[in-house]
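Engineer: structure, please.
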Amino acid sequence: MRAPSIVLLRQTTRHFFRLTTHLQMMPVLESGDEPLIGGQAVIEGVMMRTPRSYCVTVRRPDGKIVQQTGRVKHLTTRYRVFDWPVLRGLITLGQALVLGVRTLRFSANQALVERSTRAGADIAESTGVTESERGVSKCPYEISNWAMGLNVGFSLLFFIFLYKFLPLTITTQLQNYVSWFDSSLGFTLIDGILRLTVFLTFIALVSRMEDIQRVFEYHGAEHKVVFNHESNLPLSVKNSQSFCTFHPRCGTSFFMVVMLMSPVVYALIPVEGLALKLLIRVIMLPIIAGMSYEIIRLAARRQGILWMWIVAPGLWLQRITTQNPNNDQVRISIQSLKTAMALEREQNGEPVIA
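Structural biologist: Numbers count the residues shown, from 1 in each chain. Below is the predicted model:
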């Protein structure tokens, strides 16, 4: 029989790396733009957001459904300086990531209820558990602020290592054997190809994990329900299941634009030395993200050939990052959207129009 401390350590380690993997996947699991309906797949649930509200609905290991709701405040509308091109994209993406981490933490906490369930604890109500003014039931086990901060920090360092340091180091080593790598354009081109290869390999590997497969199914459920809402058909499981899981506003399209745009920007900043090149890549990442946001925003308004070319890689990648959900997962997504829209109407006194 295993010692309780060893079992607890194994469970904690597994949960830490499970959450880290979800954090790495978070940019490609988000969809939508701030004026529209969007969402994000979380652990055993879906977060849906409207212009000023959000709701995350999660099914706990004991089968109970819980919700967290809150309000979304956009800095781009409160401060004019934050609505400047590039900066508005950076602010919008930053707020989306903060909300994503918050809702992911909530879903991760619900997964920890399994411990208390095995101990015979009956926690929370079956539905309608919300945050903000309505209050939220507390789990006996939950991720502390320092633990979540540690996980986010580890994820950030892992991201820099995987997508910045590793491709850059390999390209630097290859430079000793291929002469045309000496040019700035040639170096950044190979660096970009390696970065994209690492990203696709990482996606392919984690997609084999059972937990991630479940998240991809909830990701598909989120897309189907958003499509259902945008079609103006009544929100229902039957109507939602009639739509595909590939959505053009998915975060995969944005992530692919960042990947493809990075080599162009790096080529314009010729520097020498591995350390300096790595520093430039880290510093320029927020600026590239803001520029990519502007490109997608402009292309989305035109809805022409440029838009089709931009979303095409993301739609292709969604063949991996989205999977067909079951009816129960679609119901979770519908419930999350309905609650978010109800809170939106409560705040604005008018229906939400996507």
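Engineer: residue 51 belongs to a helix?
Structural biologist: No. With DSSP: H, G, I helix; E, B strand; the rest coil as the criterion, residue 51 is assigned coil and is not in a helix.
Engineer: surely it and residue 72 touch.
Structural biologist: Yes. In terms of Cβ atoms under 8 Å, residue 51 counts as a neighbour of residue 72; the distance is 7.3 Å. C-beta coordinates here come from the backbone N, C-alpha and C atoms, glycine included.
Engineer: thought residue 81 was touching residue 87?
Structural biologist: Yes. Taking contact to mean Cβ under 8 Å, the distance of 7.3 Å between residue 81 and residue 87 places them in contact.
Engineer: neighbour count: these two, which is higher?
Structural biologist: Set residue 81 next to residue 87 and count neighbours by other Cβ atoms under 10 Å: residue 87 wins out with 17 against 10.
Engineer: for that one, give me its contacts.
Structural biologist: 81, 290 (Cβ atoms under 8 Å, 6 or more residues apart in numbering).
Engineer: retrieve the pLDDT associated with it.
Structural biologist: For residue 87, the model assigns a pLDDT of 82.
Engineer: by mean pLDDT, flag the weakest helix or strand of the protein.
Structural biologist: Sorting the helices and strands of the chain by mean pLDDT, DSSP states H and E puts helix 113-118 at the bottom, at a mean of 53.
Engineer: state the number of residues packed around residue 339.
Structural biologist: With neighbours defined by other Cβ under 10 Å, the count for residue 339 comes to 22.
Engineer: so where's the stretch 151-300 of the chain uncertain?
Structural biologist: With pLDDT under 70 as the threshold, the stretch 151-300 of the chain has low-confidence stretches at 179-182, 299-300.
Engineer: which residues in it form helices?
Structural biologist: Assigned by DSSP state H, counting those that start in this stretch, the stretch 151-300 of the chain shows helices spanning 166-174, 184-206, 210-230, 237-241, 251-267, 274-302.
Engineer: report the angle between the third one and helix 184-206.
Structural biologist: Comparing the axes of helix 210-230 and helix 184-206 via axes from the mean of the first three to the mean of the last three Cα atoms, to 10 degrees yields an angle of 100 degrees.
Engineer: equivalent analysis for the first one, please.
Structural biologist: With the same axes, to 10 degrees as the basis, helix 166-174 and helix 184-206 are set at 130 degrees to each other.
Engineer: which residues does helix 166-174 contact?
Structural biologist: So helix 166-174 is contacted by 181, 187, 190, 191, 192, 194, 195, 198, 274, 277, 278, 281 (Cβ under 8 Å, 6+ apart).
Engineer: can you lay out the residues you listed as TSV showing neighbour count?
Structural biologist: Output for these, formatted as TSV (neighbours: other Cβ atoms under 10 Å):
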residue	neighbour count
181	20
187	23
190	19
191	25
192	20
194	18
195	23
198	15
274	13
277	23
278	17
281	24
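Engineer: the residues you listed: which two are farthest apart?
Structural biologist: Maximum pairwise distance in the contacts of helix 166-174, criterion Cβ to Cβ, is 17.9 Å, between 181 and 198.
Engineer: circling back: tell me the one among the contacts of helix 166-174 nearest to residue 59.
Structural biologist: Sorting the contacts of helix 166-174 by distance to residue 59 puts residue 198 at the head of the list, at 33.2 Å, by Cβ to Cβ.
Engineer: got the contact list for that closest one?
Structural biologist: Residue 198 is in contact with 162, 163, 166, 167, counting by Cβ under 8 Å, 6+ apart.
Engineer: redo that, cut-off 10 Å
Structural biologist: Contacts of residue 198 were listed using Cβ atoms under 10 Å, 6 or more residues apart in numbering, and they are 162, 163, 166, 167, 170.
Engineer: could you do residue 347 as well?
Structural biologist: Counting by Cβ under 10 Å, 6+ apart, the residues that residue 347 touches are 50, 51, 52, 53, 71, 72.
Engineer: how much space separates the nearest residue to the first one once chain neighbours are set aside from residue 54?
Structural biologist: Same thing as residue 50. Residue nearest to residue 50 in three dimensions, not counting chain neighbours: residue 344, with 4.1 Å by Cβ to Cβ, 6 or more residues apart in numbering. Using Cβ to Cβ, to the nearest Å, residue 344 is found at 9 Å from residue 54.
Engineer: same check on residue 71?
Structural biologist: As for residue 71, its distance to residue 54 is 8 Å (criterion: Cβ to Cβ).
Engineer: which one's more surrounded, these two?
Structural biologist: Residue environment comparison for residue 71 versus residue 54 gives the larger neighbour count to residue 54, 25 against 14, counting by other Cβ under 10 Å.
Engineer: pLDDT wise, what is that one at?
Structural biologist: 90.
Engineer: surely it touches residue 73?
Structural biologist: No. With the criterion set as Cβ atoms under 10 Å, residue 54 and residue 73 do not qualify as a contacting pair; they are 11.1 Å apart.
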